[in-house]
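Asks: Got a sequence here, can you build the structure:
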Amino acid sequence: MKNILIICTSNKTRSPMAMELANHIAEKRNAPYAFKSAGVAVVGSNIDENVREVLKEIGIETSHLPTHISEYNIDDFDEFHVMTQRQKITLSSYFKNKNIENKITVLGIEDPFYKGIDAYRRIRDQLAEFYGDYIKGDE
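Replies: Numbers count the residues shown, from 1 in each chain. As a prediction, this is how the structure comes out:
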């Protein structure tokens, strides 16, 4: 089983959306992947309602609550997916004694917050495309 932690800033928008999509794809393909998500600066206790809405549009329900990266044992993960280069730098410095730099993939996904529901749909589709290509399974 490959364990992957998906990280964004607040764990309210991009990383929970990515986690739900990736786990959905992995389950459909019977692929040996487990995805979790976290934020580097969690504020608040709920994910963005637009995330719930755009996931529901494609049949995915979520009950995810924002989680800070400090709540995980970083050694439990094989890879880390971050949305931006800045998050890679933050993650690398946060765990500077773990030498995880070569395990981090930058997805290049912009924050859709304040950009309307169509921006969330675009991000959802970008993430679905990435994880659709990334996850290999039995299909």
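Asks: Can you list the residue ranges for strands in this protein?
Replies: 2-8, 33-39, 79-82, 104-106 (DSSP state E).
Asks: Dump those to JSON lines, plus distance to Arg121.
Replies: All C-beta atoms are positioned from the backbone trio N, CA, C, and that covers glycine. Shown next, in JSON lines, are the strands of the chain (distance: least, Cβ to Cβ, whole Å):
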{"stretch": "strand 2-8", "distance to Arg121": "17"}
{"stretch": "strand 33-39", "distance to Arg121": "19"}
{"stretch": "strand 79-82", "distance to Arg121": "20"}
{"stretch": "strand 104-106", "distance to Arg121": "22"}
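Asks: May I see these arranged in JSON lines, with distance to Thr90 and mean pLDDT as well?
Replies: Listed next are the strands of the chain as JSON lines, based on distance: least, Cβ to Cβ, whole Å; pLDDT from 0 to 100:
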{"stretch": "strand 2-8", "distance to Thr90": "9", "mean pLDDT": "97"}
{"stretch": "strand 33-39", "distance to Thr90": "10", "mean pLDDT": "97"}
{"stretch": "strand 79-82", "distance to Thr90": "8", "mean pLDDT": "98"}
{"stretch": "strand 104-106", "distance to Thr90": "11", "mean pLDDT": "97"}
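Asks: Looking at those, which is nearest to Ile135?
Replies: Comparison of the strands of the chain against Ile135 by Cβ to Cβ identifies strand 33-39 as nearest, at 5.7 Å.
Asks: Show me what that closest one is packed against.
Replies: Judged by 3 or more Cβ pairs under 8 Å, 6 or more residues apart in numbering; DSSP states H and E, strand 33-39 is in contact with strand 2-8, helix 14-28.
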